[in-house]
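Visitor: Just a sequence and a predicted model for now, questions to come.
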Amino acid sequence: MATDDFMDDTISRRLLLGRFAAATAVTGTFLLSPAVLAATKHRSEAAGPTHRGTRPPAPLVMLDPGHGGKDPGAIGVSGTYEKHVALATARELKAQLEKTGLYRVELTRTRDVFVPLNDRVARAQKRGAALFVSMHADALNDHSVRGASVYTLANQASDAQTAMLATRENSADRFGDPSFRDAPPDVARILASLVRQETRSGSARIAHTLVGSLDRELPMLPNPARHAGFQVLKAADIPSVLVEMGFMSNPKDEAALRQAPHRKLVAAAMKRAVDGWFLATGRMSVAEQSAG
Ligand SMILES: [Zn+2]
């Protein structure tokens, strides 16, 4: 299937070995019904360290401020750099998420440095992130276009504008390592395909939640849920999404994103979406969220 071929090179040896090591979790995820899974989860938690008062670590959210260092990203009509807007909003979102006490939050870059796209993905995988959110404010050729939009990975771009965005984003990376290309054995291939399937539906859900949440606060692009072959969304095992918080090519969007109160608003909308996503995945209960 074309979609699977598309992502084959992102299934690393590390991922597969990790999944084999955690074989029970993988079989559980794919072969058991949600009800059985929930019961199993509760049983193992009751018997495990939770019972003795040590809680499992909070899920890790990896925020990915786009660009950085020698790569400024898009430059706005009045000279604002996308890389600065992305980092400032990511910091704001990190603070808002951490305030709940429900998540661990890390950034793929915490200062103005260049980080290759593959390294961003690799970092999320190495740290065991439950969710990957890339944050951008790119430029479009049509300067009248404004609004937020949300992107997931797909073989085929949803539209020409998105295809161009993905090309531009992917060209930021000239330092990527060659991917691991050994053909995995059949079992590994099936396993990898199942992991990808789960990741794809998780990505689709976070995109949907983000669109709903951002739409309450911000102008949105028409058809704001879009997809294309973004390099930075290629973690085969982590639900990943890219948010264009607005476009530097539009004077109104640029002016808004320069303002801290506006970035706070954007971050708050994204935070609500993250809350909603974790609630829907069953990784968190309403009680936990309202306690946090
Ligand atoms: Zn960007």
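Guide: Done, it's in.
Visitor: Would you mark the buried spots in the longest strand along the chain?
Guide: When the chain is parsed with DSSP state E, its longest strand is strand 220-228. Under the neighbour-count criterion of 16 or more other Cβ atoms under 10 Å, strand 220-228 has M220, L221, P224, A225, R226, H227, A228 buried. C-beta here means a position set from N, CA and C on the backbone, and glycine is covered the same way.
Visitor: what packs against it?
Guide: Contact here means 3 or more Cβ pairs under 8 Å, 6 or more residues apart in numbering; DSSP states H and E; on that basis strand 220-228 packs against strand 148-153, helix 160-170, helix 186-215.
Visitor: Relative to A58, tell me which of these wins on proximity.
Guide: Ranking the helices and strands packed on strand 220-228 by proximity to A58 (Cβ to Cβ) places helix 186-215 first, at 17.3 Å.
Visitor: So for the closest one, mean pLDDT?
Guide: Across helix 186-215, pLDDT averages out at 87.
Visitor: distance between that helix and the chain's centre?
Guide: Computed by Cα atoms, centre = their mean, to the nearest Å, the chain-centroid distance of helix 186-215 equals 10 Å.
Visitor: what packs against that helix?
Guide: Judged by 3+ Cβ pairs under 8 Å, 6+ apart, helix 186-215 is in contact with helix 2-7, helix 13-21, helix 23-31, strand 131-136, strand 148-153, strand 220-228, strand 240-244, helix 260-281.
Visitor: separation between N118 and L87?
Guide: 20 Å (Cβ to Cβ, to the nearest Å).
Visitor: the more surrounded of those two?
Guide: L87 (22 against 18; other Cβ atoms under 10 Å).
Visitor: Surely that one and G69 touch.
Guide: No. L87 is beyond contact range of G69, at 10.9 Å (criterion: Cβ atoms under 8 Å).
Visitor: which parts of this structure sit against the ion?
Guide: Residues of the chain lying close to the ion by Cβ under 5 Å from the ion are G66, G73, H136, D138.
Visitor: so what pLDDT did the spatially closest residue to D253 that is not a sequence neighbour get?
Guide: Residue nearest to D253 in three dimensions, not counting chain neighbours: G246, with 3.3 Å by Cβ to Cβ, 6 or more residues apart in numbering. pLDDT recorded at G246 is 97.
Visitor: neighbours of R111, just the number please.
Guide: The number of residues packed near R111 is 9, by other Cβ under 10 Å.
Visitor: and it, what does it touch?
Guide: Counting by Cβ atoms under 8 Å, 6 or more residues apart in numbering, R111 makes contact with G68, L87.
Visitor: What helix or strand is it located in?
Guide: Using DSSP states H and E, R111 is not contained in any helix or strand.
Visitor: and if you look at the one 10 residues further on?
Guide: Assignment of secondary structure by DSSP H and E places V121 within helix 117-126.
Visitor: returning to that earlier point: parallel or antiparallel, list what pairs with the longest strand of the chain.
Guide: strand 148-153 (parallel) (DSSP bridges).
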